[in-house]
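> the following block contains a protein sequence and its predicted model.
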Amino acid sequence: MSDDDEKTPARKVITDYAQAHFRYFRTIDGTVYAQRKGHPVARPIRSQGTTGSHRQELMVGLFKDGIGVFNGTALKEALDLIEALALTEDVQPTHIRVAPGFDGATWLDLGRTDGKSVRIHPTGWDVLTPDPQEVCWRRTQLTGELPLPAKDTNGKGIDLLLRLCNFDSTETQCLAIAWLIGCLEPSVPVPAPFLTGPQGAGKSTGGRMLVRIIEGMSGDLRRAPKDEENMITAVAAGWVTALDNLSHLPPDLSDLMCCIVTGAESIKRALFTDGDVVRSRYRRPMLLTGIDVGVIRPDLAERLLPLRLVRPRVRRTEAELWAEYAEILPVVLGSLLDLTVKVRAAQADTPTDLRMADFAHLCAQLDAATGFNSLAAYRASLDDLNDDVIEGDLLAQTVLKHAAGLDEGAEVRMTSSEWLHCLTTLYSGEECRPLPKGWPTTGKVLSDRLKRLQPTLAARGVLIDWGRTSAARYIEMTRAAALTLHQQEAAF
């Protein structure tokens, strides 16, 4: 340090250097971030993570620029002052991998040290370094580096990708492409692809290929966390959350997946405080793989996108497969970006009868831009999932069996207790077979189960509604349309 610096408090030297070289701002939850001027990547100033803290970044800068080496007390005092000053600045969000930009643009973080990113705009896409006032990237160990996407691919990257995957039909391929396009849109919730098929169909490999288009070659699948806190931590650290080899979906995990796909907020007590809290908002694309996850709950079924794979005729080594994949990834990414621009420019009506309306609209735009039949494929996949829900739920089968005996348009009103007696008697039959585990034991439990099954039953022409008379509450069942032979067979 110079003689002048020795007369100046160390904390002021550090603070002056920091304000000259870094921009400080806060997010809506009060976390203060530091961003090197002209660079889009931001780091929380209190972070001690292995991806590099701002404290370390500041120490290195002071040393390399010849300012000096300072002790921990001076650094702490300077960072305390910087944090206090930053809390008076305007709020700006940070983003992982995908972010909205100005004038309807979308940004994709390539994970590069130079900050170069892809700006997708209404007329095309470009590789640029975003203005820090427009986009602030947050990176973690899960943020892998993507290659620079290739220009003028003429769509061949899509064909190269599909040639490596073992999808069973063109409809499945269309849905996979629609999901990838949805992953590039931060404001659109997309259903979670569930890669399924026989043993040896390459479900895990196919899942990795889809994930790595967005997350880079370091992107991978992982086992499902055992509790909600670990799941939320994993979701918050990356963009695509991919769970491998699921064999069952317990109710807690099923509900959590619903929240992740469509968006939710988690609040917990901040560490080392008595009353402060930490808010975690998340909505992320998900991807699942597995042969069979058992019974699927109706609310999750509406948020799934089944992608079926078949066993390949010719086997290849892992080294050969991934070497080819790494070689074509720039072309695949470039083709996907080209297609994304075309799809966003396409005009299409928004289907109003599907739960994931944004994704359904995206499928309609994809069809308008390419001539694919992805919206019809999406409807068919939801119909298959409804069958899976019904086949795994004896109560739903019993309700359909009861509805099959009603005239078209007939309405039946009973209290929940009366419905419980009616459906229990119908299930048991004359042979008085024992009730299965999980069968409703009270009218309230039955009513709650029917609320979960309401969309699934409505798709099969059985409408369930609730109301009240002066005497009591009731549940109304209406057979809206004639059941098809397939639906009657499912009911029995």
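In hand now; what should we look at? Everything numeric here is computed off the predicted structure, so don't read it as measured data.
> residue 343 and residue 167: what is the separation?
19 Å (Cβ to Cβ, to the nearest Å). To be clear about C-beta, it is placed using only N, CA and C from the backbone, and glycine gets the same treatment.
> quick one, which of the two is more surrounded?
Per other Cβ atoms under 10 Å, whichever of residue 343 and residue 167 has more neighbours is residue 343, with 24 against 21.
> so that one sits against residue 372, correct?
No - counting by Cβ atoms under 8 Å, residue 343 does not reach residue 372; the two are 10.1 Å apart.
> shared neighbours, those two?
Listed as contacting both residue 343 and residue 372 by Cβ atoms under 8 Å, 6 or more residues apart in numbering are residue 366.
> how far off centre is the helix or strand that residue 331 is a member of?
Per DSSP states H and E: residue 331 is located in helix 318-345. The chain centroid and the centroid of helix 318-345 are separated by 20 Å, computed with Cα atoms, centre = their mean, to the nearest Å.
> following element in sequence after that helix, please.
helix 357-370.
> what packs against that following helix?
Helices and strands touching helix 357-370, by 3 or more Cβ pairs under 8 Å, 6 or more residues apart in numbering; DSSP states H and E, are helix 170-183, helix 318-345, helix 374-391.
> tell me which of the ones you listed sits most buried.
Of all the helices and strands packed on helix 357-370, helix 170-183 carries the top mean neighbour count, a mean of 23, counting by mean count of other Cβ atoms under 10 Å.
> beyond it, next helix or strand please.
Next along the chain after helix 170-183, taking DSSP H and E as the criterion, comes strand 192-196.
> packing partners of the helix or strand that that following strand is followed by?
Reading on from strand 192-196 to the C-terminus, the next helix or strand found by DSSP H and E is helix 203-215. Helix 203-215 is packed against helix 156-164, helix 170-183, strand 192-196, strand 241-243, strand 286-289, helix 318-345, with contacts defined by 3+ Cβ pairs under 8 Å, 6+ apart.
> who's in contact with residue 311?
Taking Cβ under 8 Å, 6+ apart as the test, what residue 311 contacts is 166, 197-198, 200-202.
> recalculate using a threshold of 10 Å.
Counting by Cβ atoms under 10 Å, 6 or more residues apart in numbering, residue 311 makes contact with 166, 197-202.
> backbone dihedrals for it, please?
Backbone torsions of residue 311, given as degrees, to the nearest 10, read phi -70, psi 130.
> got the CA coordinates for stretch 125-133 in PDB?
Listed in PDB are the C-alpha atoms of stretch 125-133, where the atom choice follows Å, rounded to 0.1, in the frame of the first residue of the first chain:
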ATOM      1  CA  TRP A 125     -31.300 -14.800 -32.400                       C
ATOM      2  CA  ASP A 126     -27.800 -13.500 -31.700                       C
ATOM      3  CA  VAL A 127     -24.900 -14.300 -29.400                       C
ATOM      4  CA  LEU A 128     -24.300 -11.200 -27.300                       C
ATOM      5  CA  THR A 129     -23.100 -10.100 -23.900                       C
ATOM      6  CA  PRO A 130     -26.300  -8.800 -22.200                       C
ATOM      7  CA  ASP A 131     -26.500  -5.400 -20.600                       C
ATOM      8  CA  PRO A 132     -26.300  -5.900 -16.800                       C
ATOM      9  CA  GLN A 133     -29.300  -3.600 -16.400                       C
END
